[in-house]
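Participant: Structure for this input, please:
(one chain, ligands or ions: 1)
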Amino acid sequence: MKGWLARFAVPLCLVVLLILGCDNRSGGQGTGGATLSQLAGGGSAGESQVGWLGELLGYVVLPFLWEGALLAVQISALAMIGGVFLGLGLALMRLSAHAPIRAFAWVYIWFVRGTPQLLQLVFLYDALPGIGIKLDTFTTAVLGFALNEAAFSAEIIRGGILSVNRNQTVAAASLGMGPLLALRRIILPQAMRAILPGMANDTIGMIKGTSIASVIFVNELTFRSQQIVGQNFKFFTVFAAAGIIYLMLTSAISLAQSALERRFNHELEPSAGSSSSWKRFLGWGASWLPGRVAAKATQPAAANASPVRTAPRPETAAERSAHGLLWREHLLAANASQDGAEDRPFVVCYNVCKSYGGREVLRNLDLTVKRGEVVTIIGPSGSGKSTLLRLINHLEHVDWGDIKVDGRYVGYEKSGATMRPIRDLAKARADARIGMVFQHFNLFNHLTAVQNISEAPIQVYRQDPKKAHDLALSLLASVGLGRHADHLPHRLSGGQQQRVAIARALAISPRLMLFDEPTSALDPELVGEVLAVIRRLAEAGMTMIVVTHEIRFAREVADRVVFMDEGTIVEQGTPAEVLDNPKEERTQRFLRMVEREETVADA
Ligand SMILES: Nc1ncnc2c1ncn2[C@@H]1O[C@H](COP(=O)(O)OP(=O)(O)OP(=O)(O)O)[C@@H](O)[C@H]1O
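Facilitator: Below is the predicted model:
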């Protein structure tokens, strides 16, 4: 109730005062309104006994004013649509990697935001005929408002896009999504929550701002009010009526905003919260505050859901065998096209160099991985392990050297001694079918577990949605999360999220799986459930490169352990060779340090 009062008491008081003030200032004579036809026809206000409220309502329902309001709405709607599309283009230009494109968008936004809209309208109205373009006043107004809106919405959209974690784009790219697909399916739906309030503000501002179109003789609501006032001099009553009409129009925008915010609230699951847009607008039901919405959202479903941090139910032998079969089937499908090249090294990195801002991160690195081999990479922080994985999947360009997966470059063409990225990098990544699992899971926050998994098969690989959905459900079951199919990522524990991320990578039928410290962001009690899934993948014969700090795990699953330091491979061999009898002093020092840490953790 308090919140309701705080939100609406002040505006309501202002409206009441305005109405009372109108009555007093219009003479307080208790005069009634003129008949509508008199007003519309320009006749003087007739006297009646309906009182000030009746007079005000008379103006509010006046078709002459509503026609003007309709014009204002038409101009705003068309200009808003044009402005948003142009604004999206400008926002993307502002985020472009090419400086001239960024500069062009910046100058446009700077110029349009820095000059009064009134001047822009008058300029368009007077200057365009000078170059042979003659537009009517309505079209000029729509064009003027759209061009102006584009500059403002560009910055709102850019802000929304920037508010989405960059890891979402990286995860989309790793699944073979191109920049536009990732923007449409992953980034914009998440950015909408940040974009909507600003856009609603702009739309409301534009509906009110259409009044300045009267300078080029657009006959909209304010202009029409002025016409009536010019004939009956009832300034306050007529303008108060116009104000009420504006308020009704802008309230409709607020309602639409409320409904859209609900639609794009990825913390709110479909089953949670049933309050309508009206209730939300009025402050009843779910709160406008995201925190409270989220809290409310989780309550009803929580009763049915299992507690988030449960120990995984041990898998039965039958389940294990069924999941093993599913994964083997998956592997066979992915490898079907390969033409008897079993003996060829599957991943070949040769003389790979990578620097960031002059700092060498990988130095002349050579690594080969055989088909079906499990290679774990260990090494101190900053030694370039994650960078190597990102280069193999071409999430980053190599500076020098060669990387081939199954005998092919992933999105490069060779030019002399250097590799040049090709134009359709997304397609190359999709064709390579390299599944990647990240340290911080990078699940798409607005999609449920099952949607996260089926997104790439449907959108990138054009699989039948029903089949993709069924496969996603089986993969979820295979990682022990069958009951969590419809849960959004924030409802899952870290271990569960990571298992969904593994299932998502498996859904693209990968021929190679890259794991980038898959357990290092997890609480110790959740590590086991993720390692169990990776272990089963290894048993199924998946080729894998796993960057990890889990030495015990590396010892258990790896065919080969690679120790990296300062951007190069210091030592590699079987787990027994590298972990039990390391030759290099640097490896020995690292393992002693890890052992100390593990002892402390175990204690
Ligand atoms: N995009 C980037 N821009 C600039 N520097 C980067 C970038 N990515 C990585 N680096 C730097 O490259 C070095 C190697 O990073 P990388 O993440 O590959 O190391 P790592 O061995 O995986 O470390 P950790 O185990 O801590 O994840 C680090 O010093 C890091 O700061």
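
Participant: rest of the way, CA atoms for contacts and neighbours
Facilitator: Fine.

Participant: counting contacts, what elements does the helix or strand that Leu531 is a member of pack onto?
Facilitator: Element membership for Leu531, per DSSP states H and E: helix 524-539. Contacts defined by 3 or more CA pairs under 8 Å, 6 or more residues apart in numbering; DSSP states H and E place helix 524-539 against helix 317-335, helix 494-506, helix 551-557.

Participant: Need phi/psi at Tyr409.
Facilitator: When quoted as degrees, to the nearest 10, the phi and psi of Tyr409 stand at phi -70, psi 140.

Participant: who does it bridge with?
Facilitator: Lys404 (DSSP bridges).

Participant: Can you list the residue ranges for strands in the chain?
Facilitator: Along the chain, counting by DSSP state E, strands occupy 345-356, 359-370, 374-378, 400-405, 408-409, 412-415, 418-421, 434-437, 512-516, 544-547, 560-565, 568-573.

Participant: Would you mind listing what in the protein touches the ligand?
Facilitator: Residues of the chain lying close to the ligand (CA under 6 Å from any ligand atom) are Tyr356, Val361, Ser381, Gly382, Ser383, Gly384, Lys385, Ser386, Thr387.

Participant: And the buried ones among these, selectable in PyMOL?
Facilitator: PyMOL command restricting these to the buried ones, with burial defined by 16 or more other CA atoms under 10 Å:
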select buried, resi 361+383+384+385+386+387
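
Participant: So Leu71 versus the ligand, what's the distance?
Facilitator: According to CA to the nearest ligand atom, to the nearest Å, Leu71 stands 51 Å off from the ligand.

Participant: thinking again about what came up before, select from the helices and strands packed on helix 524-539 the stretch with the lowest mean pLDDT.
Facilitator: Mean pLDDT is lowest for helix 317-335 among those, at a mean of 58.

Participant: Show me which residues of stretch 123-141 are buried.
Facilitator: So for stretch 123-141, counting by 16+ other CA under 10 Å, buried means Leu124, Tyr125, Thr137, Phe138, Thr139, Thr140, Ala141.

Participant: Near Gln257, how many other residues are there?
Facilitator: Gln257 has 20 neighbours, counted by other CA atoms under 10 Å.

Participant: If you could redo that for Arg359, that was the one I meant.
Facilitator: The number of residues packed near Arg359 is 8, by other CA under 10 Å.

Participant: cool, and the one 10 residues further on?
Facilitator: Around Val369 sit 19 other residues, with neighbours defined as other CA under 10 Å.

Participant: try Glu55
Facilitator: Counted with other CA under 10 Å, Glu55 comes out at 24.

Participant: distance of it from the ligand?
Facilitator: 67 Å.

Participant: Can you check the distance spanned by stretch 482-499, start to finish?
Facilitator: 11 Å (CA to CA, to the nearest Å).

Participant: buried stuff in it?
Facilitator: So stretch 482-499, judged by 16+ other CA under 10 Å, has buried residues 482, 484-485, 487-499.

Participant: Show residues contacting it.
Facilitator: Outside stretch 482-499, the residues within contact range by CA atoms under 8 Å, 6 or more residues apart in numbering are 266-267, 269, 298, 308-309, 437, 440-441, 443-450, 473-474, 476-477, 479, 481, 518, 521-523, 526-527, 529-530, 533.

Participant: repeat that with 6 Å
Facilitator: Val308, Phe441, Asn445, Thr448, Ala449, Val450, Leu476, Leu522, Leu526 (CA atoms under 6 Å, 6 or more residues apart in numbering).

Participant: again, but for stretch 452-466
Facilitator: Here stretch 452-466 makes contact (CA under 6 Å, 6+ apart) with Ala468, His469, Ala472, Arg504.

Participant: distance of the residue nearest to Val164 when sequence neighbours are not counted from Arg491?
Facilitator: Setting aside the residues directly before and after it, Val164 is nearest to Ala191 in space (CA to CA, 6 or more residues apart in numbering), at 6.1 Å. The spacing between Ala191 and Arg491, counted by CA to CA, is 20 Å.

Participant: before we move on, the earlier item: distance to Glu220 added to the contacts of stretch 452-466, as TSV?
Facilitator: As requested, the contacts of stretch 452-466 are arranged in TSV below (distance: CA to CA, whole Å):
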residue	distance to Glu220
Ala468	52
His469	51
Ala472	54
Arg504	54
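
Participant: wait, which of the residues you listed is closest to the ligand?
Facilitator: The ligand has its nearest neighbour among the contacts of stretch 452-466 in Arg504, at 21.9 Å by CA to the nearest ligand atom.

Participant: domains of the protein?
Facilitator: Domain segmentation of the chain under the TED database yields 61-263, 338-602.

Participant: Nearest to Leu53, out of those?
Facilitator: domain 61-263 (9.3 Å; CA to CA).

Participant: what's the first-to-last distance across that closest one?
Facilitator: Domain 61-263 has an end-to-end distance of 33 Å (criterion: CA to CA).

Participant: Give me the mean pLDDT for that domain.
Facilitator: Regarding domain 61-263, the rounded mean pLDDT is 91.

Participant: Tell me where the model's unsure across the stretch 451-600 of the chain.
Facilitator: Across the stretch 451-600 of the chain, the ranges flagged by pLDDT under 70 are 600.

Participant: nope, the stretch 251-400 of the chain is what I meant
Facilitator: In the stretch 251-400 of the chain, residues with pLDDT under 70: 268-343.

Participant: how much space between the residue nearest to Val164 and Val460?
Facilitator: Distance of Ala191 to Val460, given as CA to CA: 21 Å.

Participant: Which of the two has more residues huddled nearby?
Facilitator: Between Ala191 and Val460, counting by other CA under 10 Å, Ala191 is the more crowded of the two (22 against 18).

Participant: Just confirm the more buried one contacts Ile161, I think it does.
Facilitator: Yes: when contacts are counted by CA atoms under 6 Å, Ala191 is listed as touching Ile161 (5.3 Å).

Participant: residue of the stretch 1-150 of the chain with the smallest distance to the ligand?
Facilitator: In the stretch 1-150 of the chain, no residue comes nearer to the ligand than Ala97, which is 14.6 Å away by CA to the nearest ligand atom.

Participant: now the stretch 201-350 of the chain
Facilitator: Residue nearest to the ligand within the stretch 201-350 of the chain (CA to the nearest ligand atom): Cys349, separated by 15.4 Å.

Participant: May I have the beta-bridge partners of that residue?
Facilitator: On the basis of DSSP bridges, Cys349 is bridged to Leu367, Ile403.

Participant: To Glu55, which of the domains of the chain lies closest?
Facilitator: Among the domains of the chain, the nearest to Glu55 by CA to CA is domain 61-263 (7.6 Å).

Participant: Would you agree Asp565 is in contact with Ser383?
Facilitator: Yes: contact criterion CA under 6 Å: Asp565 and Ser383 qualify, at 4.7 Å.

Participant: can you list residues touching both of those two?
Facilitator: Counting by CA under 6 Å, 6+ apart, Asp565 and Ser383 have no contacts in common.
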